[in-house]
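Student: Sequence and predicted model, in that order:
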Amino acid sequence: MKGNFIDNLPKIYGIYTGGFVGFIIIMAIAEQMGMTAKTIGIAFVAFTVFIYALIGYLSRTAQADAYYVAGRQVPTVFNGMATAADWMSGASFVAMAGGIYFKGYGYMALLVGWTGGYVLVASLLAPYLRKFGCYTVPDFIGTRYGGNLARFSAVVVLTVASFTYVTAQINATGTIASVALDIPFQYAVYVGLISILLCSMLGGMRGVTWTQVAQYIVLIIAYLLPVFWISNKMGAGFFPHFMLADEVARIGELEQQFGFVKNAAADLKTVPKGLAGITKAHSAVNATPWAFISLALAMMMGTASLPHVMMRYFTTPSVKAARKSVGWSLFFIFLLYSSAPMLATLSKLSLIDPNLPTGIIGKTFAEVEAIDWYQNWNQANLMFISDFNGNGTLELNEFFMGGKAVVLATPEIAGLPYVISGLVAAGGMAAAMSTADGLILAIANAISHDVYYKIIDPKAETAKRLLVARVLLVIIGFAGATIAAMEIQGILGSVIWAFDFAMSGLFFPLVLGVWWKRANRQGAIAGMLGGLVAGAWYLVWVRTGGSGFLGITQLTFGIFGSAVSLVLMVVVSLMTAEPDKATQKMVDDVRVPSGKSILGKSH
Amino acid sequence: MSNQQKHWEKTRGLLFITLAIWFVFSIGIFLFGAEMNEVTGPFGYPWTYWFTCQGSLGAFVILIFWFANRQEKIDEEFGFSEREDE
């Protein structure tokens, strides 16, 4: 029965994809027949969330192996899709194209960083951690270095990094649920949370795996369909990725023609919070090499340290499959990431080119204010215009937009039917839910397995362990939702911090655990705690007016944290005794793919 | 040198090559970002812009699959590849 399910996966998800496409078509027909925009939005979000919850229910399990690592039988390609959904968060889906739209080249370091990190994952870590046979990332640290303190330190770093990340994701599910279902944000956050928990609570990693595959399919359709459609509708080219060179050049021309006029501080005060104007060139190099490289590097090392990504590679059937699976993950991520700059280009050109019917720059204020979509998005607090120089025509520096509008509003501006906007809402919901699921599960599993089972009560029975894991899942989810409801941080900023925290504390202890036999317990503990404290100190220092050094900003503080971590780990390791023979033998065994895993099948 | 040591030596060699290629596409080319962006590259996009949109990203995908295949060959060569039923 089990093997049957795995063999039938392509068929099952094929039918699922067909069903989803059918649903889109039904909605499109319903729209023609007069279904309101609001009903379509609700239908999209409710229908997809219902399917995920159903998958979560069908994947329920009472076995530790299935709960923690999905029974280690997830095929390469499907694990790639699940990882891509796990990885691409609400930030990637909703905010990334907006970031590129406003900040251009300097921001695109994130594209390079969030993909290049997978090379490190594939070559330095994933296959070896898979061979190890651990359930969680602290499980590896705890066994490789030995001792409860090392294990506990890893749990601390994991919790700090993942919790920073998860509040942003719950915030994103709340935002989308509140718009699509038309309920206040404070309640929408908990609707989002319950949807998230429905996927993971009964089936643990197994439930999350199969819902994430389903969520990937929804989010990639929801991202690519509008990009291709808009590009074709604008006549920019039927395959935008290869055909937008003229449009990119045209934006450059228009930037020259309009110029980047600097607004007076008093004028800018009248612009609603969170909205920005176009102040940076679209395709020109507008950052110093170090600013670009340091951000990319921080994101790459952070990628290789984030536990919710790493644990996806514990679910593959073999070491070989783990390596290949990293390649597939990046391929599926590439599909979306390479489309984001195209969407930013199409969105910007459609708004600023006076030769296009949708272009608003150069029109009179009365004309722009009469446009339907402008009124809608102005009401949603995502667009704003103001005649600073009083000449009655809209200039480039007088037009402001929220970052989310690039993804959310462009379909409407281009004149696509509302069914596409409903689809985009479902896609954003899928992206934020899948990442939140992975993160909450990573934290709850680390605490239930590493702290409760390994440290507090090693004799606990499976049923009790899984009960603890589920209770923790709910507690952490509610804690995250409560903080998200307070709306204290922006989505993107906190995501980047999570990477910096993770790399500060975990990158070198993980990598050296495999690649440097001499690394020992004392060194690893010093590296984890020292790195985390150093990184956190740097962040606080820069945030409270500190000048920083070497051009390391609050977005790249992980570079400082991980450097401290590396130095401490090497120095302390060399000053203390080398690891015992058994540990060295363990490292040797990790380095060859064949043979039994280090930790038993059910540990 | 034992079989296992030789295997690790080759594995490490592959790691260095992989990281060198990774370095070129993630860091190396962006040292010359401003200069390279003056030149027209694939599909008519400026070179640096193209790398940040597609080039480097695609190179990483290819690099990982290439790495995985090479590593499998190394494992086979020394008899360390996994049995199918494991």
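Tutor: Great, that's in hand. Numbers count the residues shown, from 1 in each chain, chains lettered A, B, ... in the order given.
Student: show me where the chain has strands.
Tutor: The chain I'm using is chain A. A:275-276, A:383-385, A:399-402 (DSSP state E).
Student: Rebuild those strands as JSON lines, extending it with mean neighbour count.
Tutor: Every C-beta, even on glycine, is put in place using the N, C-alpha and C of the backbone. What follows is the strands of chain A, written out as JSON lines (neighbours: other Cβ atoms under 10 Å in any protein chain shown):
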{"stretch": "strand A:275-276", "mean neighbour count": "16"}
{"stretch": "strand A:383-385", "mean neighbour count": "21"}
{"stretch": "strand A:399-402", "mean neighbour count": "22"}
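Student: Report the closest residue of chain B relative to chain A.
Tutor: Across chain B, the shortest distance to chain A (Cβ to the nearest Cβ) belongs to B:G44, at 3.0 Å.
Student: May I have the residues that are in contact with A:V155?
Tutor: Applying Cβ atoms under 8 Å, 6 or more residues apart in numbering or on different chains to A:V155 gives the contacts A:138, A:446-447, A:450-451.
Student: Show me what the lengthiest helix in chain B is packed against.
Tutor: Criterion DSSP state H: the longest helix present in chain B is helix B:3-26. Where contact means 3 or more Cβ pairs under 8 Å, 6 or more residues apart in numbering or on different chains; DSSP states H and E, helix B:3-26 is packed against helix A:105-120, helix A:289-303, helix B:56-77.
Student: ok, for A:F507, nearest residue in space, not its chain neighbours?
Tutor: A:S305 (4.4 Å; Cβ to Cβ, 6 or more residues apart in numbering or on different chains).
Student: roughly how far apart are the one you found and chain B?
Tutor: 16 Å (Cβ to the nearest Cβ, to the nearest Å).
Student: now A:T358
Tutor: The spacing between A:T358 and chain B, counted by Cβ to the nearest Cβ, is 23 Å.
Student: can you check A:A177 too?
Tutor: Taking Cβ to the nearest Cβ, one finds A:A177 at 31 Å from chain B.
Student: what residues are up against the residue nearest to A:V424 when sequence neighbours are not counted?
Tutor: With Cβ to Cβ, 6+ apart as the criterion, A:V424 has its nearest non-adjacent residue at 5.4 Å, and that residue is A:A222. Listed by Cβ under 8 Å, 6+ apart, the contact set of A:A222 reads A:423-424, A:426-428, A:430.
Student: quick one: which of these sit in helices?
Tutor: Residues of the contacts of A:A222 located in helices (DSSP H): A:423-424, A:426-428, A:430.
Student: which residues touch the longest helix of chain B?
Tutor: A:112-113, A:116, A:119-120, A:123-124, A:296-297, A:300, A:588, A:591-592, B:1, B:51, B:55-56, B:59-60, B:63, B:67, B:70-71, B:74-75, B:77-80.
Student: which element follows it toward the C-terminus?
Tutor: Beyond helix B:3-26 on the C-terminal side, the first helix or strand identified by DSSP states H and E is helix B:33-36.
Student: how many other residues sit next to the residue of chain B closest to chain A?
Tutor: Per other Cβ atoms under 10 Å in any protein chain shown, the neighbour tally for B:G44 reads 14.
Student: For the residue lying closest to it once chain neighbours are set aside, give me its contacts.
Tutor: In space, and not counting its chain neighbours, B:G44 is closest to A:A245: 3.0 Å by Cβ to Cβ, 6+ apart. The neighbours of A:A245, taking Cβ under 8 Å, 6+ apart as the test, are B:43-45.
Student: just A:D450 next, same as before
Tutor: A:D450 touches A:136, A:138-139, A:142, A:151-152, A:154-155, counting by Cβ under 8 Å, 6+ apart.
Student: circling back to that earlier point, out of the ones in helices among the contacts of A:A222, which is nearest to chain B?
Tutor: For the ones in helices among the contacts of A:A222, the nearest to chain B is A:G427 (20.1 Å; Cβ to the nearest Cβ).
Student: Please look at the closest one and A:I217 and confirm they touch.
Tutor: No. In this structure A:G427 lies outside contact range of A:I217 using Cβ atoms under 8 Å: 10.1 Å.
Student: okay, these two: which has more neighbours?
Tutor: When neighbours are counted by other Cβ under 10 Å, A:G427 comes out ahead of the other of A:G427 and A:I217, with 27 against 19.
Student: If we go by neighbour counts, what in the longest helix of chain B is buried?
Tutor: B:7-8, B:10-11, B:14, B:18-19, B:21-22, B:25-26 (16 or more other Cβ atoms under 10 Å in any protein chain shown).
Student: same check, this time on stretch A:220-236
Tutor: In stretch A:220-236, counting by 16+ other Cβ under 10 Å, buried: A:220-228, A:230-231, A:233-234, A:236.
Student: Same list (the residues you listed) but as JSON lines, adding distance to A:I15 and pLDDT.
Tutor: As requested, the buried residues of stretch A:220-236 are arranged in JSON lines below (distance: Cβ to Cβ, whole Å; pLDDT from 0 to 100):
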{"residue": "A:I220", "distance to A:I15": "17", "pLDDT": "94"}
{"residue": "A:I221", "distance to A:I15": "15", "pLDDT": "94"}
{"residue": "A:A222", "distance to A:I15": "19", "pLDDT": "92"}
{"residue": "A:Y223", "distance to A:I15": "22", "pLDDT": "93"}
{"residue": "A:L224", "distance to A:I15": "20", "pLDDT": "93"}
{"residue": "A:L225", "distance to A:I15": "20", "pLDDT": "92"}
{"residue": "A:P226", "distance to A:I15": "24", "pLDDT": "92"}
{"residue": "A:V227", "distance to A:I15": "26", "pLDDT": "92"}
{"residue": "A:F228", "distance to A:I15": "24", "pLDDT": "92"}
{"residue": "A:I230", "distance to A:I15": "29", "pLDDT": "89"}
{"residue": "A:S231", "distance to A:I15": "30", "pLDDT": "88"}
{"residue": "A:K233", "distance to A:I15": "31", "pLDDT": "84"}
{"residue": "A:M234", "distance to A:I15": "34", "pLDDT": "83"}
{"residue": "A:A236", "distance to A:I15": "34", "pLDDT": "78"}
